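Enquirer: Sequence and predicted structure below; questions after.
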Amino acid sequence: MSQEMSWKIQKAFRIAKVASGLSLPVNIAFVPNPKPGKTAPFFYVTELYGQIKVVTNELKVFTFADKLLNYEPDYKMPGTGESGVIGIVVHENGDVFASMLYRDEKAFKNRVVKFTTKDGLKAEKAETILDNIPSINAAHQVQALTIREGKLFVNVGDGMIDPEVAQNDNDLRGKILRINLDGSIPQDNPNPKSSIYAKGLRNPFGAAWRKSDNHLYISDNGPAVDDRIAKILPGENYGWPASMRTNSIFVWWYTEAPTGIDFAENQFGLEYKDHLFVALFGYAYVEGKTDKGKKIVEMVIDKRDNVAYLNEFVRYVGEGPASVCGLAFGPDGLYFTDLHGEVGMKKGEKSGGNVWKITKA
């Protein structure tokens, strides 16, 4: 079976591999206004264990930044192998922002780093703009990054150990943060002295802005039950740890591990415009077909913020451990990463992960 045949997709669409040989590719971020020319950067991909790759218009892959982790990952999934370089977003001026875990002399912490570059192919300067958020060497760390109206929004997990921090206004864990691009606090935040934009979240992995209502939507992973999609409002409380259902617009009682999310614009035509596409990762690492995860679903959200339609869009049907992780719409289709690829994951070896593109047939 070819790798393309390992994905079951609706008949009106086709799937193609656009990049391969990646080591645990997590999230994708497109250049807002890509320049013409074969060698210009098209999108960036975070690799979990310390790299950022850039893919050009001609689909060649270069290392944009590496050696971003100062600790040795152990490849244990689920567990301590799940941490590393996660979120990524590109500003219209070409600056690249990434979220990651690091270890100081005492503990693991979260940070966000801004990379500046002249040609977009190689980072020339790295500046930490957000730092010292407590974390652990596992999931529930700093996650997705988005930019809206000149502000950087940062998804931060609750750190797993003490879920009550998600309700603590003096702790940045379990929150959506809103900061200026230099790391300072905007004066029009809900609290002008705090970077906290919303609280009460557990493990908010994915984030995307919906143009039709100009609001941020996130995916948030629950414990044994209640993964969710939430519309983020300034100053709102989303309930965790008391509840994962508070102010949610959709809940999976049977956990599916939602990761990357994005809204369609015109890539699939008017029929799909404003539909939300959600990557469901499933189990941390398992080979072959599974009863949860390893798929992309399509949602229609109505004007009252109800999910009026949910449809399975893509599912992995191969024999490998591949599972959908990052997901983003580019100008010509829907792109996603399979974290483990068909090959799997062994210590000291690449995972064989890929980036795929879905287009109308």
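Expert: Looks like it came in fine.
Enquirer: give me every residue that touches the residue lying closest to residue 302 once chain neighbours are set aside.
Expert: In space, and not counting its chain neighbours, residue 302 is closest to residue 308: 4.6 Å by C-beta to C-beta, 6 or more residues apart in numbering. Where C-beta positions appear, they are placed from N, C-alpha and C, glycine not excepted. Taking C-beta atoms under 8 Å, 6 or more residues apart in numbering, we find residue 308 in contact with 300-302.
Enquirer: need the strands for the stretch 51-200 of the chain, in chain order.
Expert: 51-56, 61-65, 85-90, 96-103, 108-116, 125-134, 142-148, 151-156, 175-180, 196-199 (DSSP state E, counting those that start in this stretch).
Enquirer: Can you say which of these is nearest to residue 167?
Expert: strand 196-199 (6.5 Å; C-beta to C-beta).
Enquirer: Give me the neighbour count for the nearest residue to residue 221 once chain neighbours are set aside.
Expert: The shortest distance from residue 221 to any non-neighbouring residue, by C-beta to C-beta, 6+ apart, is to residue 203 (4.0 Å). Residue 203 has 24 neighbouring residues, counting by other C-beta atoms under 10 Å.
Enquirer: coming back round to it: select from the contacts of residue 308 the one having the most neighbours.
Expert: That'd be residue 301 among those, by other C-beta under 10 Å, with 22 neighbours.
Enquirer: partner residues bridging that one?
Expert: With DSSP bridges as the criterion, residue 301 is bridged to residue 307.
Enquirer: Who are the contact partners of it?
Expert: 210, 249, 274, 276, 307-308.
Enquirer: hang on, the earlier thing: closest one to residue 190 out of the contacts of residue 308, please.
Expert: residue 301 (23.8 Å).
Enquirer: Tell me how far the residue nearest to residue 131 when sequence neighbours are not counted lies from residue 291.
Expert: The shortest distance from residue 131 to any non-neighbouring residue, by C-beta to C-beta, 6+ apart, is to residue 111 (4.6 Å). Going from residue 111 to residue 291 by C-beta to C-beta, to the nearest Å gives 37 Å.
Enquirer: now swap in residue 320 and tell me
Expert: Using C-beta to C-beta, residue 320 is found at 17 Å from residue 291.
Enquirer: Which residue of those two possesses the greater neighbour count?
Expert: Per other C-beta under 10 Å, whichever of residue 320 and residue 291 has more neighbours is residue 320, with 18 against 9.
Enquirer: Would you confirm that the more buried one contacts residue 340?
Expert: Yes: the criterion here is C-beta atoms under 8 Å, and residue 320 meets it with residue 340 at 7.2 Å.
Enquirer: Low-confidence regions, the stretch 251-361 of the chain specifically.
Expert: For the stretch 251-361 of the chain, the stretches with pLDDT under 70 are 345-351.
Enquirer: nope, the stretch 101-250 of the chain is what I meant
Expert: In the stretch 101-250 of the chain, no residues with pLDDT under 70.
Enquirer: returning to that earlier point: how about the contacts of residue 308 in CSV, adding distance to residue 22?
Expert: As requested, the contacts of residue 308 are exported to CSV (distance: C-beta to C-beta, whole Å):
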residue, distance to residue 22
300, 32
301, 31
302, 37
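Enquirer: and which of these is nearest residue 165?
Expert: residue 301 (29.6 Å).
Enquirer: now residue 154, which residues is it bridged with?
Expert: As for beta bridges, residue 154 partners with residue 145, residue 177 under DSSP bridges.
Enquirer: distance of it from residue 287?
Expert: Residue 154 is 34 Å from residue 287, where distance means C-beta to C-beta.
Enquirer: between these two, which one's more packed in?
Expert: Counted by other C-beta under 10 Å, residue 154 and residue 287 do not tie: residue 154 has more neighbours, with 28 against 14.
Enquirer: State whether residue 286 is indeed within a strand.
Expert: No: read with DSSP: H, G, I helix; E, B strand; the rest coil, residue 286 is coil and lies in no strand.
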